[in-house]
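In: Sequence and predicted structure below; questions after.
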Amino acid sequence: MIRSLVLLALVAVATANDPWKEDISYFFDPINGFRFLPRTIELAEKKDYINVENIDTTSGFANLTLWVKRGEWCYLVGLLYDENKQIAGIQINHPVEYLNSYYNMTAQGFKLWTHLDVTYAYTRFYWVSEDSETRVKSYNPSKVLQSDYLSVANLDGGFDKIATDSRNLDSVWTKQACIILMGQHYYYQMTPSLTCDKPFYQWFPLTDEKTNQLIGLGFMYLGKSECKTELPSKAAVEMIVPTGPKCLYDLVGKYGASTLHFYFVDRPRLISC
């Protein structure tokens, strides 16, 4: 549902045009709000994250280490750390047994990973260079986003780039609604004439139009999971994606939708429009 937290919305007034300071979090739930993620391996260990096997062999990223929260059966948000022992990306995990997806998960760009006899469908995005040497040489400890773009897993098994400066977003991204506490939404080639015979592109950039910054990245697929995702209603999707096709709204109404919102700013509660 839309995070209609009235008090927070009143606080989230228009801010100055100064660039946001960077941090990394995701929206956890309406009660606890945003969960900030440990930016270093040292902090991850203190926050009770454990290192598990990284079976992904994506070129340039195969030597990242994967960490998950101890005791969280779903392992929904896995953290990827690079040679600098700094957070470099996210692995989203869903136990296959507890998924109810309208489209086949692999058709939506997911891969499979088995850990402790549980099979997960997972997908990833990164904010560092594909080149290990570049990651080490260009590392800036004051920043989270170490590159001028995000690398996001696409529907074809490869990766697409999303610019971190909203002025450089490719024309394939169509401007949708701006929502307080979320930001300005962009969806991939989203038009009323789009058909629903194949999966929708699962990622959507979130920007601040005042600072031209990519302040977040959203993720959505049709269907529901027992993991702790957001579950927007049909009405919410119609409001956030006003130029979508009717078939999208109907599918959300019938099968549901699961979303996650990740933020790259230090005060996501102050995001306004």
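Out: In hand now; what should we look at? Everything numeric in this text was worked out from a predicted model, so none of it was measured.

In: How about the contacts made by the closest residue in space to residue 55 that isn't next to it in sequence?
Out: Spatially, and ignoring its direct neighbours in sequence, residue 55 is nearest to residue 113 (5.8 Å; C-beta to C-beta, 6 or more residues apart in numbering). (C-beta placed from N, C-alpha, C; glycine too.) Each residue near residue 113 by C-beta atoms under 8 Å, 6 or more residues apart in numbering is listed here: 55, 56, 93, 119, 120, 121, 122.

In: Swap in 10 Å and give it another go.
Out: Residue 113 is in contact with 52-56, 66, 75, 78, 91, 93, 96, 119-122, counting by C-beta atoms under 10 Å, 6 or more residues apart in numbering.

In: Give me the subset of these lying in helices.
Out: When the contacts of residue 113 are checked against helices using DSSP state H, none is located there.

In: Kindly indicate which of the residues you listed lies nearest residue 247.
Out: Checking the contacts of residue 113 against residue 247 by C-beta to C-beta gives residue 121 as the nearest, at 23.5 Å.

In: Apply the buried test to the contacts of residue 113 and list what passes.
Out: Of all those considered here, the ones buried according to neighbour count by 16 or more other C-beta atoms under 10 Å are 54, 56, 66, 75, 78, 91, 93, 96, 120, 121, 122.

In: The last one against residue 56, yeah?
Out: Okay, so that is residue 122. Yes - taking contact to mean C-beta atoms under 10 Å, the distance of 8.1 Å between residue 122 and residue 56 places them in contact.

In: and the longest helix for the protein?
Out: Using DSSP H to define each element, the chain has its longest helix at helix 246-255.

In: and the two most separated of the buried ones among the contacts of residue 113?
Out: Maximum pairwise distance in the buried ones among the contacts of residue 113, criterion C-beta to C-beta, is 18.8 Å, between 54 and 96.

In: one step back: C-alpha coordinates for the longest helix of the chain, PDB please?
Out: Below are the C-alpha coordinates for helix 246-255, written out as PDB (Å, rounded to 0.1, in the frame of the first residue of the first chain):
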ATOM      1  CA  LYS A 246      -5.200  -1.400 -18.400                       C
ATOM      2  CA  CYS A 247      -4.000  -5.000 -18.500                       C
ATOM      3  CA  LEU A 248      -1.300  -4.100 -15.900                       C
ATOM      4  CA  TYR A 249      -3.800  -2.700 -13.500                       C
ATOM      5  CA  ASP A 250      -6.100  -5.700 -14.000                       C
ATOM      6  CA  LEU A 251      -3.300  -8.200 -13.400                       C
ATOM      7  CA  VAL A 252      -2.300  -6.400 -10.200                       C
ATOM      8  CA  GLY A 253      -5.900  -6.500  -9.000                       C
ATOM      9  CA  LYS A 254      -6.100 -10.200  -9.700                       C
ATOM     10  CA  TYR A 255      -2.600 -11.500  -8.800                       C
END
